[in-house]
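Undergrad: with the sequence up front, the predicted model follows.
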Amino acid sequence: MKTKNLFLIISTFIIPQIILFISCKAFCAIEISSIEELQKIGFDPAYPNNESYELTQDIDASDTVNWNNGAGFNPIYLTGNFDGKGHKIYNLFINRPDSYYVALFARSGTTTEVRNLGLENVWIRG
(Lines give C-alpha, C1' and ligand atoms only; values in the text may rest on other atoms or scores of the structure.)
Protein backbone atom coordinates (compact mmCIF):
# COMPACT_ATOMS: atom_id res chain seq x y z
CA MET A 1 0.00 0.00 0.00
CA LYS A 2 2.89 2.41 0.78
CA THR A 3 4.41 1.81 -2.65
CA LYS A 4 1.08 2.59 -4.35
CA ASN A 5 0.73 5.84 -2.34
CA LEU A 6 4.29 6.86 -3.15
CA PHE A 7 3.70 6.22 -6.86
CA LEU A 8 0.49 8.27 -6.68
CA ILE A 9 2.30 11.19 -5.04
CA ILE A 10 5.17 11.09 -7.55
CA SER A 11 2.93 10.78 -10.61
CA THR A 12 0.40 13.37 -9.43
CA PHE A 13 2.59 16.07 -7.93
CA ILE A 14 6.28 15.66 -8.63
CA ILE A 15 6.37 14.68 -12.32
CA PRO A 16 4.09 17.56 -13.46
CA GLN A 17 6.30 20.03 -11.56
CA ILE A 18 9.42 18.67 -13.24
CA ILE A 19 7.79 18.91 -16.68
CA LEU A 20 6.66 22.48 -15.97
CA PHE A 21 10.15 23.47 -14.83
CA ILE A 22 11.80 21.98 -17.91
CA SER A 23 9.30 23.49 -20.35
CA CYS A 24 9.44 26.91 -18.67
CA LYS A 25 13.23 26.87 -18.66
CA ALA A 26 13.15 26.21 -22.38
CA PHE A 27 10.30 28.58 -23.36
CA CYS A 28 9.68 31.18 -20.62
CA ALA A 29 11.21 34.61 -20.94
CA ILE A 30 12.80 36.50 -18.06
CA GLU A 31 10.66 39.52 -17.29
CA ILE A 32 12.22 42.98 -17.24
CA SER A 33 10.34 45.79 -15.49
CA SER A 34 13.03 48.39 -14.70
CA ILE A 35 16.11 49.98 -16.20
CA GLU A 36 18.18 48.37 -13.45
CA GLU A 37 16.99 44.90 -14.47
CA LEU A 38 17.65 45.70 -18.12
CA GLN A 39 21.22 46.71 -17.29
CA LYS A 40 21.81 43.33 -15.62
CA ILE A 41 21.51 41.44 -18.93
CA GLY A 42 24.89 39.87 -19.58
CA PHE A 43 26.41 41.46 -16.47
CA ASP A 44 24.68 39.45 -13.72
CA PRO A 45 24.70 35.61 -13.56
CA ALA A 46 20.92 35.64 -13.02
CA TYR A 47 20.53 37.52 -16.34
CA PRO A 48 22.70 35.66 -18.89
CA ASN A 49 22.97 37.22 -22.34
CA ASN A 50 21.79 34.01 -24.05
CA GLU A 51 18.31 33.93 -22.48
CA SER A 52 14.99 35.31 -23.75
CA TYR A 53 13.68 38.50 -22.17
CA GLU A 54 10.47 40.49 -22.30
CA LEU A 55 9.39 43.89 -21.01
CA THR A 56 6.42 43.97 -18.68
CA GLN A 57 5.92 47.75 -18.86
CA ASP A 58 7.33 50.97 -20.30
CA ILE A 59 10.69 51.86 -18.75
CA ASP A 60 11.83 55.35 -17.83
CA ALA A 61 15.62 55.35 -18.18
CA SER A 62 16.13 58.98 -17.07
CA ASP A 63 18.52 58.03 -14.30
CA THR A 64 21.02 56.56 -16.78
CA VAL A 65 22.36 60.11 -17.31
CA ASN A 66 23.92 59.71 -13.82
CA TRP A 67 25.38 56.23 -14.32
CA ASN A 68 29.01 55.19 -14.78
CA ASN A 69 30.58 58.62 -14.21
CA GLY A 70 28.60 60.20 -17.05
CA ALA A 71 28.98 57.30 -19.52
CA GLY A 72 25.38 56.23 -18.88
CA PHE A 73 23.90 52.87 -19.73
CA ASN A 74 26.37 50.10 -20.55
CA PRO A 75 25.42 48.60 -23.96
CA ILE A 76 24.16 45.01 -23.90
CA TYR A 77 25.64 42.11 -25.85
CA LEU A 78 22.60 39.90 -26.42
CA THR A 79 22.75 36.43 -27.92
CA GLY A 80 19.24 35.48 -26.77
CA ASN A 81 15.99 37.23 -27.72
CA PHE A 82 14.21 40.34 -26.51
CA ASP A 83 10.48 41.04 -26.84
CA GLY A 84 9.38 44.53 -25.88
CA LYS A 85 5.73 43.37 -25.89
CA GLY A 86 4.79 46.74 -27.41
CA HIS A 87 6.37 48.71 -24.56
CA LYS A 88 8.98 51.42 -24.89
CA ILE A 89 12.19 52.51 -23.21
CA TYR A 90 12.44 56.28 -22.97
CA ASN A 91 15.04 58.84 -21.85
CA LEU A 92 17.95 56.41 -22.30
CA PHE A 93 21.40 58.00 -22.10
CA ILE A 94 24.64 56.48 -23.42
CA ASN A 95 27.78 58.63 -23.72
CA ARG A 96 30.78 56.57 -24.86
CA PRO A 97 32.48 58.67 -27.57
CA ASP A 98 35.65 56.58 -27.58
CA SER A 99 33.85 53.23 -27.85
CA TYR A 100 32.63 51.07 -30.71
CA TYR A 101 29.34 49.14 -30.78
CA VAL A 102 27.43 51.78 -28.87
CA ALA A 103 23.67 51.23 -28.72
CA LEU A 104 21.07 49.72 -26.41
CA PHE A 105 21.95 46.32 -27.89
CA ALA A 106 25.48 46.93 -29.06
CA ARG A 107 26.10 43.43 -30.32
CA SER A 108 23.91 40.42 -30.92
CA GLY A 109 24.13 36.79 -31.85
CA THR A 110 23.42 35.51 -35.34
CA THR A 111 19.97 34.28 -34.30
CA THR A 112 19.12 37.10 -31.88
CA GLU A 113 15.72 38.69 -32.36
CA VAL A 114 14.64 42.03 -30.88
CA ARG A 115 10.98 42.79 -31.56
CA ASN A 116 7.99 44.88 -30.47
CA LEU A 117 10.20 47.47 -28.75
CA GLY A 118 9.88 51.22 -28.92
CA LEU A 119 12.60 53.75 -28.09
CA GLU A 120 11.77 57.37 -27.35
CA ASN A 121 13.94 60.38 -26.50
CA VAL A 122 17.15 58.34 -26.63
CA TRP A 123 20.56 60.05 -26.55
CA ILE A 124 23.47 57.89 -27.74
CA ARG A 125 26.99 59.03 -28.51
CA GLY A 126 29.72 56.63 -29.51
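TA: Cool, the structure landed.
Undergrad: so where is this protein shaky, pLDDT-wise?
TA: Applying pLDDT under 70 to the chain picks out residues 1-27.
Undergrad: what strand or helix carries the most centrally placed residue in it?
TA: With distances taken as Cα atoms, centre = their mean, the chain has residue 53 as the residue nearest its mean C-alpha position (3.7 Å). Using DSSP states H and E, residue 53 sits within strand 52-55.
Undergrad: by contact count, what packs against the following helix or strand past that strand?
TA: Remark: after strand 52-55, the chain's next helix or strand is strand 59-60, criterion DSSP H and E. For strand 59-60, the elements it packs on are helix 35-39, strand 88-90, judged by 3 or more Cβ pairs under 8 Å, 6 or more residues apart in numbering; DSSP states H and E. The way it works is simple: take the backbone N, C-alpha and C, and place the C-beta from them, glycine included.
Undergrad: out of the ones you listed, which is closest to residue 64?
TA: helix 35-39 (6.3 Å; Cβ to Cβ).
Undergrad: got the residue ranges for the helices in the protein?
TA: Using DSSP state H, the helices of the chain run over 2-9, 15-27, 35-39.
Undergrad: for the shortest one, packing partners?
TA: Secondary-structure packing of helix 35-39 (3+ Cβ pairs under 8 Å, 6+ apart): strand 59-60.
Undergrad: strand partners (parallel or antiparallel) of the strand it packs on?
TA: Take DSSP bridges as the rule and strand 59-60 pairs in its sheet with strand 88-90 (parallel).
Undergrad: which parts of the partner strand are buried?
TA: Neighbour counts over strand 88-90 (16 or more other Cβ atoms under 10 Å) mark 88, 89 as buried.
Undergrad: and stretch 68-87, by the same measure?
TA: Result for stretch 68-87 [16+ other Cβ under 10 Å]: buried residues 71-78, 80-84, 87.
Undergrad: how far does it sit from the chain's center?
TA: Stretch 68-87 sits 8 Å away from the centroid of its parent chain (Cα atoms, centre = their mean, to the nearest Å).
Undergrad: gap between the two ends of it?
TA: Stretch 68-87 has its terminal residues 25 Å apart, counting by Cα to Cα, to the nearest Å.
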